[in-house]
Each structure stands twice: as C-alpha cells, then as structure tokens.
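Chemist: Next one to model:
(one chain, ligands or ions: 1)
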Amino acid sequence: MKFNIITIFPEIFDSYFNESIIKRAQDKKKIKINIHNLRDYTKDKHRSVDDKPYGGGPGMVMMVEPIYKAIKKIKKGKAKVILFSPKGKTFDQKMANRYSKLDNLIMVCGRYEGVDERVKKFVDEEVSIGDYVLTGGEIPAMIVVDAVTRLIPGVIAIESLKEESFSLEKELKHAKYEYPQYTRPENFNNLKVPKVLLSGNHKKIKQWRLDKRI
Ligand code: ADE
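Modeler: Residues are numbered from 1 along each chain as shown. Modelled structure (predicted):
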C-alpha cells in the first residue's frame, strides 16, 4: 500500500517513520511512504502556499492551486484523497480497516487558519482525528499511517497468524481492546501477577484473557 503525504513540513515525518514497526513495514515492502513538499507545486519565487483571506480577517489561508497541482501529479490510477481538518469525520478503527484495503491513500495536511474551501472539490473525504484543534494535519497523517499499517497483513505478528487455526487470536483481533498484560517481576510492591498467568495452563489462560478483554 502507498501512502502519499502532502505537507509544507516534510522533515516532521523523518523520525517517526524511521523507527519500529513502520520502518520494518517499509523495509519489508508492505508499505511505501512518499512525502511531498507542497512548496514544490508553487510558481512564485517565494514558493508561497498561503495568502490573506478574501473578505478580511486574521491569519492566512492555504491556497487551492498548489494543493490541486500536487494531487493531480500524485494521483495516478485509483487513489483515495483525504484532507485533514478538525471539521472532518472522526477517524476510528473502522476507517483504519477500510483504508488498509486501499492501494494508494493521498493525505493533504492542512495548516494555518484553514484551507481554501475549493480544495474540498478535489478530495474524497475530510478527516479529523478528534474533537480538538491542532496546528496542522501532520500529526493526524502519522496517526493514520500508524493505525492503517498495523492492519496490513504481515506487518505485525498477530496478523500473520492463520486466523482459522487460532480462534482465540481471531476473537482477540476483533476485540476492541486487549486483555491486561503483565511481565516480570511477578510481585512488584505487593502488586501481584494473576495466578492463572503463571499456571502454564494455556486453555485457562486463553479463557481468562477472553473474559478480561474490554
Ligand atoms: N487539523 C487541525 N486539527 C485537526 C484535527 N483534530 N484532526 C485532523 N486535522 C486537524
């Protein structure tokens, strides 16, 4: 699956996408992440991506033309284009599942006080990651890449298990939240690991985990 991110801060993504599961998913060619600098789609010498709002008012508005050009250049074949905005549909696990089946997800990161309304003509969906206002769409883009990548088969261990032969894993995979987990030590300041987890009885452990998951 390809993720194409359109942003004016391409460097923001370097560290997060080059660590851990997201890095491994790229190394294993399960995903490809392309970061596009919106300023490469401008035409003036200042490489402007924003301008004053018509009708007056504070702040700047991201211009439609560079975003339009970037989408047009990147969108080859079938692709879904989303725009991050606090006004969008709230991103959830269902959307992550839906996106994980796409070939190409193009994400436009808004910035400043807003984006020219006409940009919406060129996107399929407006997406918010929660009911609060951020300074831009870069963190939302990282969240979407993260949540979607871990659902791509072969990216994390549980996904690569044969669902049919592991009914517990199957049920747990569909569980919204996981069961409580513990690691060493067995007793920390008199806070003890549940006995069943130390019992070695795998059937009982599986049942306990099913009962405990939220
Ligand atoms: N841009 C600013 N706030 C946002 C939010 N909550 N979700 C997505 N994009 C945003």
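Chemist: near the ligand, which residues of this structure show up?
Modeler: By Cβ under 6 Å from any ligand atom, the residues of the chain that approach the ligand are 84-86, 110, 128-130, 132-134, 136-137, 140. To be clear about C-beta, it is placed using only N, CA and C from the backbone, and glycine gets the same treatment.
Chemist: Now, those residues that are in strands?
Modeler: Using DSSP state E, the members of those that fall in strands are Phe84, Ser85, Pro86, Ser128.
Chemist: Where does pLDDT dip in the chain?
Modeler: 112, 159-176 (pLDDT under 70).
Chemist: ok so, going back, let's see if you can find the most crowded of the ones in strands among the residues of the chain next to the ligand.
Modeler: Phe84 (28 neighbours; other Cβ atoms under 10 Å).
Chemist: Surely that residue and Ile106 touch.
Modeler: No - Phe84 sits out of contact with Ile106 when judged by Cβ atoms under 8 Å, with a separation of 11.6 Å.
Chemist: show me where the chain has helices.
Modeler: 14-17, 20-27, 64-74, 93-99, 138-149, 157-160, 167-174, 202-212 (DSSP state H).
Chemist: Tell me which of those sits most buried.
Modeler: helix 138-149 (a mean of 21; mean count of other Cβ atoms under 10 Å).
Chemist: Give me the distance between that one and the centre of its chain.
Modeler: In terms of Cα atoms, centre = their mean, to the nearest Å, the centre of helix 138-149 is found 2 Å from the chain centre.
Chemist: Can you name every helix or strand that that helix contacts?
Modeler: strand 2-7, helix 14-17, helix 20-27, strand 80-90, helix 93-99, strand 104-109, strand 125-128 (3 or more Cβ pairs under 8 Å, 6 or more residues apart in numbering; DSSP states H and E).
Chemist: Check this protein and tell me which residue is nearest its centre.
Modeler: Val144 (1.1 Å; Cα atoms, centre = their mean).
Chemist: That residue reaches Met107, doesn't it?
Modeler: Yes - the criterion here is Cβ under 8 Å, and Val144 meets it with Met107 at 6.6 Å.
Chemist: Which neighbours do the two have in common?
Modeler: The contact sets of Val144 and Met107 overlap at Ile82 (Cβ atoms under 8 Å, 6 or more residues apart in numbering).
Chemist: What are the phi and psi values at the residue located most distally from the centre of the chain?
Modeler: Going by Cα atoms, centre = their mean, the residue of the chain most distant from its centre is Asn190, 38.9 Å out. Phi and psi for Asn190, reported as degrees, to the nearest 10, are phi 70, psi 10.
Chemist: got it, and the one 4 residues further on?
Modeler: The phi/psi pair for Pro194 (degrees, to the nearest 10) reads phi -50, psi 140.
Chemist: any idea how far it is from Leu210?
Modeler: 14 Å (Cβ to Cβ, to the nearest Å).
Chemist: Thanks a lot, see you next time.
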